[in-house]
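[1] here is my input, please return the structure:
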Amino acid sequence: MMSIRMWASCFALPPEEAADKLLAGDIDAMAMLASWDAPVVQQLVADERVELLNLARADAYVALYPFLSKATVPRGVGDLRRGSPAGRRHLVRIQGEPSGAQGSPLRDPISSAELRGAGPLRV
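    Residues are numbered from 1 along each chain as shown. Next up, the predicted model:
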């Protein structure tokens, strides 16, 4: 039986630097907390080389971590002509993050103290 070892490294990079490294092929994946309207998010969603992760268990994350809320990204929102992302994607966001319509938060923002008291986010 063959054994496969997977190696992963985590780096704390600013979103723009991480995006540059992702697009250059220097890293394979990235995660970030940023507004949907952030230029780096729009750049990545529109790029055909980038695939937006679908969190199949987004509802479970929201149930376990009350500072999160679910966000659904519809097919084609990144690039309507290409249909990118190729399908509906479910993500999580910190409560108070706008849903895509600028200036229309879903819920009141939460304090950093509430985030600190929530415990570690397990993936």
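[2] next, the buried residues of the helix or strand where Leu22 lies.
    Using DSSP states H and E, Leu22 maps to helix 15-24. Buried residues in helix 15-24, counted by 16 or more other CB atoms under 10 Å: 15, 18-19, 22. C-beta coordinates here come from the backbone N, C-alpha and C atoms, glycine included.
[3] now swap in stretch 22-38 and tell me
    By 16+ other CB under 10 Å, the buried positions in stretch 22-38 come out as 22, 30, 36.
[4] what does the model give the second one for pLDDT?
    The predicted local confidence for Met30 comes out at a pLDDT of 91.
[5] so what does it have for phi and psi?
    phi -150, psi 160 (degrees, to the nearest 10).
[6] and it, what does it touch?
    13, 18-19, 21-22 (CB atoms under 8 Å, 6 or more residues apart in numbering).
[7] among these, show me the least confident.
    Among these, Leu13 carries the weakest pLDDT, at 91.
[8] burial check on that one, number of neighbours?
    Neighbourhood size, Leu13 [other CB atoms under 10 Å]: 15.
[9] now do Ala86
    Neighbours of Ala86 under the rule other CB under 10 Å: 12.
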